[in-house]
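# one predicted model, sequence on top.
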Amino acid sequence: MQITVSQKTSVKPRRTQAERSAETRRKLIEAATEMLCERGYANTTMLDIAKRAGVSRGASQHHFGTRYDLFDAVAEQLTEKMRALTEDLSFPHRSLEERVNIAVDFYWNLYNSQTFNAIMHIYLGTNEPDDPHKFHRSVANAYLGSDQPWFDLFHDARLPKKELRSLRRVVLATLRGLAVGRFLGIVTSPVNAELQLLKSMIAARLGIAAVQE
């Protein structure tokens, strides 16, 4: 007599519509970021982005009506990445010097990422008054909407919140200036000395504030 042994096969649960939609958006944003860095603003079209992402043109237009909408989403990635500063919950419990090093290195790596390079291509390519988009506002929101992780990292700083925010602005402006210089080919040598000086200045200001309290 032949005995048949039934084998259980694992069936992957079907993704929800929301999950599929989020995946499509992610692919389009990643494709746009890559192509902007490779081709520049003028040579990056919505059709080419859709092909790179492996989605139909209709799907790309459903999620992002125009390439300006998609480029806004690329800029918004800067905000999301900046908010990841304190994802490691052990950071706020480290020494002041370690936290300053973490913050400066984190932001510097971000300014050397594909995301920031893509934003530079968009920024330079859309500096025309007839471009109907709000890209510059999206870039500004990257800084306005990502202060909280900085506050969390330096939760014990004896500084008014306004001054702590200003201190972050100084860090971002310095690193952004170095990154733009690299992007334009103006800064060609390593910037280790500049980064160390920035870290020392920030640590000193936070440390002095703690002592004065």
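Ah, there it is.
# low-confidence bits of the protein, can you list those?
Within the chain, the stretches with pLDDT under 70 are 1-12, 89, 92, 127-144, 208-213.
# how is this structure carved up into domains?
Domain assignment of the chain by automatic domain parsing yields the ranges 15-65, 75-212.
# just the CA coordinates for stretch 176-192, please, in CSV.
What follows is stretch 176-192, C-alpha atoms only, in CSV (Å, rounded to 0.1, in the frame of the first residue of the first chain):
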residue,chain,number,x,y,z
ARG,A,176,26.8,71.8,4.2
GLY,A,177,29.3,74.4,3.0
LEU,A,178,32.1,71.8,2.9
ALA,A,179,29.9,69.3,1.1
VAL,A,180,28.8,71.9,-1.5
GLY,A,181,32.5,72.7,-2.0
ARG,A,182,33.2,69.1,-2.7
PHE,A,183,30.3,68.8,-5.0
LEU,A,184,31.5,71.8,-7.0
GLY,A,185,35.1,70.6,-7.0
ILE,A,186,36.3,73.6,-4.8
VAL,A,187,37.2,71.4,-1.8
THR,A,188,39.5,68.6,-3.0
SER,A,189,41.6,67.8,0.0
PRO,A,190,40.5,65.8,3.1
VAL,A,191,38.6,67.9,5.7
ASN,A,192,39.5,65.9,8.8
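# run through who's touching it.
Around stretch 176-192, the neighbours that count as contacts under Cβ atoms under 8 Å, 6 or more residues apart in numbering are 108, 111-112, 116-117, 120, 194. C-beta coordinates here come from the backbone N, C-alpha and C atoms, glycine included.
# 6 Å - rerun?
The contact list for stretch 176-192, computed with Cβ atoms under 6 Å, 6 or more residues apart in numbering, reads 111, 120.
# so how far is it off the chain centroid?
Relative to the chain's own centre, stretch 176-192 is displaced by 18 Å; criterion: Cα atoms, centre = their mean, to the nearest Å.
# buried stuff in that stretch?
Buried residues in stretch 176-192, defined by neighbour count with 16 or more other Cβ atoms under 10 Å: 176, 178-179, 182-183, 191.
# out of those, who's nearest residue 125?
Nearest to residue 125 among the buried residues of stretch 176-192, counting by Cβ to Cβ, is residue 183 at 13.0 Å.
# coming back round to it: in strands only, show me the buried residues of stretch 176-192.
Using DSSP state E, no member of those falls in strands.
# tally of neighbours for the nearest residue to residue 122 once chain neighbours are set aside?
Spatially, and ignoring its direct neighbours in sequence, residue 122 is nearest to residue 71 (5.0 Å; Cβ to Cβ, 6 or more residues apart in numbering). The burial count assigned to residue 71 is 29, neighbours taken as other Cβ atoms under 10 Å.
# and residue 168, what element?
Applying DSSP states H and E as the criterion places residue 168 in helix 161-183.
# and the helix or strand just after that helix, what's buried?
Using DSSP H and E, the helix or strand that follows helix 161-183 in sequence is helix 192-212. Within helix 192-212, the residues that qualify as buried are 194-195, 198-199, 202-203, 205-206, 209, counting by 16+ other Cβ under 10 Å.
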